[in-house]
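Undergrad: how would this look folded up:
(2 chains)
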Amino acid sequence: MSNLKETFLTPLGLNNPVAVQVLGICSALAVTAQLEPAIVMGLSVTIILALANVVISLLRNTIPNRIRIIVQLVVVATLVTIVSEVLKAFAYDVSVALSVYVGLIITNCILMGRLEAFAMANGPVDSLVDGIGNGLGYAIILVIVAFIRELFGAGTLFGYQVIPDCLYEAGYMNCGLMLMPPMALIILGCIIWAMRAKNPELQEK
Amino acid sequence: MNTNSNAYTIGYASIMVIIVAFLLAFISSSLKEKQTENVKLDTKKQILSALNITDGDVATNWEQVTDFVLNADGSLAEYTDEFKTNYADTTELHVFECTLNGEKKYVFPVRGAGLWGPIWGYVALNSDKNTVFGTYFGHEGETPGLGAEITKPFFTEQFKGKTVTRDGNVVLSVVKNGKVSDSSCEVDGISGGTITSKGVDEMLKTCLKRYSSFLSSATDVTSGATKVEAAAQDSAAAKMAVVDSTINAVKDTIVAKVEPIVKEVKDELKK
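TA: Predicted coordinates:
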């Protein structure tokens, strides 16, 4: 049981897929200008990753070693396509909101990373927990970056203005640079810096 | 079993591909109908949103709207009962007509390209065919917080009341943020979303240009009844002109005949 807890918690902190393994940062850059798409993307990745992990874990003993990456890719692509088709039919508004992000999930390296490193060697229950943990670990970083970018870049959170008008009258201005993709990398860099400074075991000798 | 043998690998790959193909084909075909319905409903919602109708049931609201196809010269080509979902085909000039509070509104579908993918929209004009009544813009994958802001009310509301054409040219345009020089037809772009804003500008210009003969014609081609009425008005105006000129001619002859008599009388009186 403690093993499962550990599987779930380490990707949220000390083995975070984005901040420590530095995986999946390309999508972290694209969807973090606002909080809402960041949360939607985080949840989508969590769901797909959990499902893919379970499927690959069930198939792990049958998969031929030489084509395992192809098999993993096919499983992820199939799942993403099915989820997107089902959303289009039953939750059209959500699928419009997700638009291109659904496609982006296929190329997210966290998925391939977890399938190859964890699901190929562990049972379905562990894999499910690992998938959820890693998905949420990814989502947390996305939300932090999106929170900072939306707050300072547009003065809003979830599209609602949070910085009072009196501050603007006093000469405060939104930082347009925050909305540019490079700023996502800079904020991400700062998060990684803070994490490594706090946890010396993450630092290479 | 040896999972590393060539035969096993090829067999595994083949079976996997077949299963996945059947699974996806089955899901796609079984959900197709429902998806098309959703897309149709959404397209109708977008058109109604350009007409500033956002409340109520889409199907009921849609009953007020009629879809027409125009010829290049602006005359009515056909009335389409079949509602389409894709207006990207530029060879057909679609126009939607809707009567709101007794005034006719026209909605024109527009299509263009943003930074990452296609952008589209619906522009509703007042019955004068020259001032904007409302707009709707959509995009596939513009950057959230930047280009994607074109869908937000603060952007679409700016178009209301703007002039579309002047001297036969489309003057409705999106300019760089803060660079509006003619507020009667220019709209502020989105800062940081320059390429998407330019895409909207180009989309409006190219797509509305194709309707220019319809926009400049005073007569209402989409409605047969109004067309006849307009023709009747035209012939009445012509008749009036004939009557006017006859009256003028008569007046001239009278003046010419009366003047010498008046002069004579005046002379007599002086004596």
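
Undergrad: do you know the pLDDT at the spatially closest residue to residue A:35 that is not a sequence neighbour?
TA: Excluding the flanking residues, the one nearest residue A:35 by CB to CB, 6 or more residues apart in numbering or on different chains is residue A:146, at 4.7 Å. Yep, even glycine has a C-beta here, placed from its N, CA and C like the rest. pLDDT for residue A:146: 90.

Undergrad: ok, residue B:191 next?
TA: Per-residue confidence at residue B:191 stands at 84 (pLDDT).

Undergrad: output the contacting helices and strands for the helix or strand encompassing the residue nearest to residue A:35.
TA: Assessed by DSSP states H and E, residue A:146 sits inside helix A:124-154. Under the contact definition 3 or more CB pairs under 8 Å, 6 or more residues apart in numbering or on different chains; DSSP states H and E, helix A:124-154 sits against helix A:2-9, helix A:25-30, helix A:35-59, helix A:109-114, strand A:156-157, helix A:181-198.

Undergrad: so which of the ones you listed gets nearest residue B:176?
TA: Residue B:176 sits nearest to helix A:181-198 of all the helices and strands packed on helix A:124-154, at 20.6 Å, using CB to CB.

Undergrad: which of the residues in the closest one are buried?
TA: Of the residues in helix A:181-198, A:183-184, A:187-188, A:191-192, A:195 count as buried by neighbour count, 16 or more other CB atoms under 10 Å in any protein chain shown.

Undergrad: do you know how far the closest residue to chain A within chain B is from residue B:122?
TA: Chain B approaches chain A most closely through residue B:145 (3.4 Å), counting by CB to the nearest CB. Separation of residue B:145 from residue B:122 (CB to CB, to the nearest Å): 24 Å.

Undergrad: circling back to that earlier point, thought the residue nearest to residue A:35 was touching residue A:30?
TA: No. Under the criterion of CB atoms under 8 Å, residue A:146 makes no contact with residue A:30, lying 11.1 Å away.

Undergrad: walk me through the domains of chain B.
TA: What automatic domain parsing lists as the domains of chain B is B:58-216, B:223-271.

Undergrad: just say which of those domains is most tucked in.
TA: domain B:58-216 (a mean of 18; mean count of other CB atoms under 10 Å in any protein chain shown).

Undergrad: end to end, how far does that domain reach?
TA: The first and last residues of domain B:58-216 sit 31 Å apart, counting by CA to CA, to the nearest Å.

Undergrad: just the pLDDT for residue A:187.
TA: pLDDT recorded at residue A:187 is 91.

Undergrad: run through the residues of the stretch 151-271 of chain B sitting next to chain A.
TA: For the stretch 151-271 of chain B, the residues in contact with chain A (CB under 8 Å from any CB of the partner chain) are B:191-192.

Undergrad: closest to residue A:72 out of the domains of chain B?
TA: Nearest of these (CB to CB): domain B:58-216, 25.6 Å.

Undergrad: on that earlier part again, select, out of the helices and strands packed on helix A:124-154, the one closest to residue B:162.
TA: Residue B:162 sits nearest to strand A:156-157 of all the helices and strands packed on helix A:124-154, at 26.5 Å, using CB to CB.

Undergrad: who's in contact with the helix or strand just after the closest one?
TA: For strand A:156-157, the following helix or strand on the C-terminal side (DSSP H and E) is strand A:160-161. Here strand A:160-161 makes contact (CB atoms under 8 Å, 6 or more residues apart in numbering or on different chains) with residue A:155.

Undergrad: partner strands of strand A:160-161, with direction?
TA: The strands that strand A:160-161 pairs with in its sheet are strand A:156-157 (antiparallel) (by DSSP bridges).

Undergrad: any idea of the mean pLDDT in the partner strand?
TA: 84.

Undergrad: likewise for stretch B:70-86?
TA: 72.

Undergrad: next, the angle helix A:2-9 makes with the helix holding residue A:146.
TA: 30 degrees (axes from the mean of the first three to the mean of the last three CA atoms, to 10 degrees).

Undergrad: give me the buried positions along helix A:124-154.
TA: For helix A:124-154, by 16+ other CB under 10 Å, it's A:126-154.

Undergrad: so which residue is dead centre in chain A?
TA: By CA atoms, centre = their mean, chain A has its centre lying nearest to residue A:138, at 3.3 Å.

Undergrad: and that residue, how far from residue A:24?
TA: Counting by CB to CB, the gap from residue A:138 to residue A:24 is 6 Å.

Undergrad: the residue nearest to the centre of chain A contacts residue A:15, correct?
TA: No. With contact defined as CB under 8 Å, residue A:138 does not count as touching residue A:15 (11.9 Å).

Undergrad: against residue B:116, how distant is residue B:195?
TA: 9 Å.

Undergrad: now for these two: what residues contact both?
TA: residue B:147.

Undergrad: isn't residue A:38 right next to residue A:143, touching?
TA: Yes. In terms of CB under 8 Å, residue A:38 counts as a neighbour of residue A:143; the distance is 5.6 Å.

Undergrad: still on that earlier bit, contacting residues for the residue nearest to residue A:35?
TA: By CB under 8 Å, 6+ apart, residue A:146 lies in contact with A:31-35, A:37-39.

Undergrad: which bits of chain A sit near chain B?
TA: Checking chain A against chain B by CB under 8 Å from any CB, the hits are A:30-31, A:33-34, A:36-37, A:61-67, A:70-71, A:74, A:78, A:81-82, A:85-86, A:88-90, A:92, A:96, A:99-100, A:149-150, A:153-154, A:176, A:179-181.

Undergrad: again, only using 7 Å
TA: A:31, A:33-34, A:37, A:62, A:64-67, A:71, A:74, A:78, A:81-82, A:85-86, A:88-89, A:92, A:99-100, A:150, A:153-154, A:176, A:179 (CB under 7 Å from any CB of the partner chain).
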